[in-house]
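> Have a look; sequence and predicted model below, questions after that.
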Amino acid sequence: MARSDLPAFVRFQVLHMFVQGKNTESGWVEWLRLNFRGGSIVLEGGVGHSTKVLANEASHLARRIRGNKGGSRRHGGGDLQDEVWVVCDRDSFTDIPEARNQMRDSGVGLVLSNKCFELWPLLHHRLQSAAVGRRLLQRMLAAEHPIYDHDNGAWVDWDCVAGRSTRAVAHAIELSRRAASAGDIHGNPSTGAWLFHERLRLGSPDLEDTAIRMAEPFRRYPELLPLIDDLAEPLRNRVRLAA
């Protein structure tokens, strides 16, 4: 079994996840939850909801956490505040810009894939640099990862691909750079899954230290700076300062 490059123990607060997809995205979050023992990754729901509904639910929870002292925990390097994240697809939704603005204003993190989340596991196998539709992308993933069958569960064996995550992050960053150069940093193809992956991989009990680690690709590639808005608070502002 291939092993992930993610650390076996990272002390986290609670990371609340709202996930649009029933199987592929939910399976990814569940795999992450099982592979991190330093904090809780909680799947809050959201399957099948529009991006706008996800934004409303996540923003409401984020505001409630900020108003609840129980959402912060004193540990090591300082207060660790719970984070709220949304995992969704660009696909054919027309409410993405409005929903993204709402999540940004509420401090919610965003993992947005264009056209769909299947791009993230595909990038563990190879780079996909041309724009592609959902169905073709799903067929491409099935060709590289035969256990995946969109019409029969749409499951990804994350244990199998985890050892290639460094490659996937590099591919995803390259796509984000190309999309930014084309005028839309969330353009097709692109995925923000690398942001959440790196948030976990580079996390530490000291939020300032985490921010310094997270800021490295933004310092190296300034065209990625708009993606800092997709990070959850309170990490977002710290990464912006470190970048």
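That came through fine. What you see is a predicted model, and the numbers here were worked out from it, not measured in a lab. Numbering: from 1, shown residues only.
> Tell me who's in contact with S129.
174-175, 178, 189 (CB atoms under 8 Å, 6 or more residues apart in numbering). Quick note: C-beta positions are derived from backbone N, CA and C, even for glycine.
> Oh, that last question was meant for A211, not what I typed.
235, 238-239, 241-242.
> pLDDT, distance to L195 and neighbour count added to those, as a markdown table?
Putting the contacts of A211 into a markdown table (pLDDT from 0 to 100; distance: CB to CB, whole Å; neighbours: other CB atoms under 10 Å) gives the following:
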| residue | pLDDT | distance to L195 | neighbour count |
| --- | --- | --- | --- |
| L235 | 92 | 10 | 21 |
| R238 | 95 | 14 | 20 |
| V239 | 97 | 10 | 23 |
| L241 | 97 | 17 | 11 |
| A242 | 97 | 15 | 18 |
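> Would you format these as TSV with distance to L43 included?
As requested, these are exported to TSV (distance: CB to CB, whole Å):
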residue	distance to L43
L235	20
R238	26
V239	25
L241	31
A242	29
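> about what we covered before: take the contacts of S129 and keep only those in helices.
Among the contacts of S129, DSSP state H puts 174-175, 178 in helices.
> What subset of those residues is buried?
For these, a burial check counting by 16 or more other CB atoms under 10 Å picks out L175.
> closest to L136 among the ones in helices among the contacts of S129?
Closest approach to L136 among those (CB to CB): L175, at 16.0 Å.
> Please name the nearest non-neighbouring residue to the closest one.
Nearest residue to L175, sequence neighbours excluded (CB to CB, 6 or more residues apart in numbering): S190, at 4.8 Å.
> hang on, the one you found packs against A179?
Yes. The pair S190 / A179 is scored as a contact, 4.6 Å apart, by CB atoms under 8 Å.
> of those two, who's got more company?
Ranked by neighbour count (other CB atoms under 10 Å), S190 and A179 place S190 first, with 28 against 21.
> Next up, the contacts around that one.
Counting by CB under 8 Å, 6+ apart, S190 touches 112-114, 119, 172, 175-176, 179.
> Quick one: the strands in this protein, in order.
Assigned by DSSP state E, the strands in the chain fall at 15-19, 41-45, 72-75, 78-81, 83-89, 109-114, 190-191.
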